[in-house]
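Visitor: the following comprises the amino acid sequence and a computationally predicted model.
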2 protein chains.
Amino acid sequence: MSDLRPYSGALERLRRVGLRPTRQRLALARLLFDKGHRHVTAEQLHGEAVAAAVRVSLATVYNTLHQFTAAGLLSEVVVEPGRSYFDTNTDDHHHFYFEKTGVLQDIPGDHVVVKQLPEPPPGTEIRRVDVIVRLGAGT
Amino acid sequence: MSDLRPYSGALERLRRVGLRPTRQRLALARLLFDKGHRHVTAEQLHGEAVAAAVRVSLATVYNTLHQFTAAGLLSEVVVEPGRSYFDTNTDDHHHFYFEKTGVLQDIPGDHVVVKQLPEPPPGTEIRRVDVIVRLGAGT
DNA sequence: CGGCAATTTAGAATCCCTCTAAGTTATTGA
DNA sequence: TCAATAACTTAGAGGGATTCTAAATTGCCG
């Protein structure tokens, strides 16, 4: 559907960040980026790859997710102990987290404003500000 | 405000939330609450207990931390995959996280203001809003 | 004090994730 | 074009944090 867009190809994307376009990385990039923004865990992505008959090991899925993150193609979101989500949306934005289901959902950037942030302690700088709105069952 | 009362004895605290004051829970409560606000991991707390010659297993430390959290005596802070911090400050506040050292530090509640929060999706309610300011080495 | 449910415990188990060492593949440059 | 080489992939072992299990212990009530 979306591979008509000029620079959305997986190969192009890898080239631009200087990662060798291997069969595994290309396949994972397509799974991640070819259908809108997503939040996935390594296990989930590996499952999708296997389901799509892509031969790739779990170790490579982990490596690839971290390389993509380091390259700025993904961002990592930590909401629960012992499980990392990777978000294909790298714009400045925040998250709803449904505690019951473990589902993570973007909150568009302009819907949350953080004000009066204190100065970071000397010798440090702010890398990122994460806002997680935790949701439970309503009344 | 988690506690307006001047008397903050461990026994009293456990009684108030309906947890049986066992030797282990009393000792852990003292370690946690008797010297100002703290951020600890289960391992750390267990280490302190052992150092203080309190006989308690790691499993019990985990159980106790979760029971205290469920009872509202602690709050859990998730900043890294694979490690949970427990915070003795249950007031509304946020955190600085020093990525390099793994140290967590409170930001007083009135120093961060979150605005324009969107409506939670129907059937859900906001349980908590976590703000984590991630810090790296400055320039 | 006796009885029973709550609690504690050691150790095994589990869950994510990382590492290692060996095999494979993309790229480079002659 | 075709090695040579460096980058990459992988299975399986390893590791850290946490949870589970089943048995022993302990606090609490009458």
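Guide: Yep, that arrived. These numbers were taken from a predicted model, which means no experiment stands behind them.

Visitor: next up, the contacts around residue A:49.
Guide: Contacts for residue A:49 were tallied using C-beta atoms under 8 Å, 6 or more residues apart in numbering or on different chains; they are A:27-28, A:31, A:56, A:61. (Glycine included, C-beta is placed from N, CA and C.)

Visitor: DNA strand D next: which of these are close?
Guide: Counting by C-beta under 7 Å from any atom of the strand, residue A:56 from these sit close to DNA strand D.

Visitor: show me what contacts the closest residue to residue A:58 other than its chain neighbours?
Guide: Of all residues not flanking residue A:58 in the chain, residue A:46 sits nearest, at 5.0 Å (C-beta to C-beta, 6 or more residues apart in numbering or on different chains). Contact analysis of residue A:46 by C-beta under 8 Å, 6+ apart lists A:56, A:58, A:61.

Visitor: quick check: angle from the longest strand anywhere in chain A to strand B:124-137?
Guide: Looking across chain A with DSSP state E, the single longest strand is strand A:124-137. Between strand A:124-137 and strand B:124-137, the angle comes out at 160 degrees (axes from the mean of the first three to the mean of the last three C-alpha atoms, to 10 degrees).

Visitor: quick one: the nearest residue to residue A:98 once chain neighbours are set aside and residue B:105, what's the gap?
Guide: The shortest distance from residue A:98 to any non-neighbouring residue, by C-beta to C-beta, 6+ apart, is to residue A:135 (5.2 Å). Going from residue A:135 to residue B:105 by C-beta to C-beta, to the nearest Å gives 26 Å.

Visitor: looking at these two, which has the bigger crowd around it?
Guide: Neighbour totals were compared for residue A:135 and residue B:105, and residue A:135 leads with 22 against 12 (other C-beta atoms under 10 Å in any protein chain shown).

Visitor: the more buried one contacts residue A:95, correct?
Guide: No - the pair residue A:135 / residue A:95 is not scored as a contact, 10.2 Å apart, by C-beta atoms under 8 Å.

Visitor: which neighbours do the two share?
Guide: With C-beta under 8 Å, 6+ apart, residue A:135 and residue A:95 have no common neighbours.

Visitor: isn't residue A:78 up against residue B:82?
Guide: No - look at residue A:78 against residue B:82 with C-beta under 8 Å: they stay out of range, at 9.4 Å.

Visitor: hey, which helix or strand in chain A has the poorest pLDDT?
Guide: The helix or strand of chain A with the poorest confidence is strand A:113-115; it has a mean of 84 (mean pLDDT, DSSP states H and E).

Visitor: how far out from the middle of the chain is that strand?
Guide: Relative to the chain's own centre, strand A:113-115 is displaced by 23 Å; criterion: C-alpha atoms, centre = their mean, to the nearest Å.

Visitor: just checking: what are the partner strands of the longest strand of chain A?
Guide: Strand A:124-137 pairs in its sheet with strand A:94-98 (parallel), strand B:124-137 (antiparallel), by DSSP bridges.

Visitor: give the buried residues for that strand.
Guide: Neighbour-count burial for strand A:124-137, counted by 16 or more other C-beta atoms under 10 Å in any protein chain shown, picks out A:124, A:129-135.

Visitor: any part of stretch A:49-61 near DNA strand C?
Guide: Yes - Stretch A:49-61 comes into contact with DNA strand C (C-beta under 7 Å from any atom of the strand), by way of A:58-59.

Visitor: pLDDT on the lengthiest helix in chain A, on average?
Guide: Looking across chain A with DSSP state H, the single longest helix is helix A:58-70. Average pLDDT, helix A:58-70: 98.

Visitor: how far does that helix sit from its chain's centre?
Guide: For helix A:58-70, the distance to the chain centre is 11 Å (C-alpha atoms, centre = their mean).
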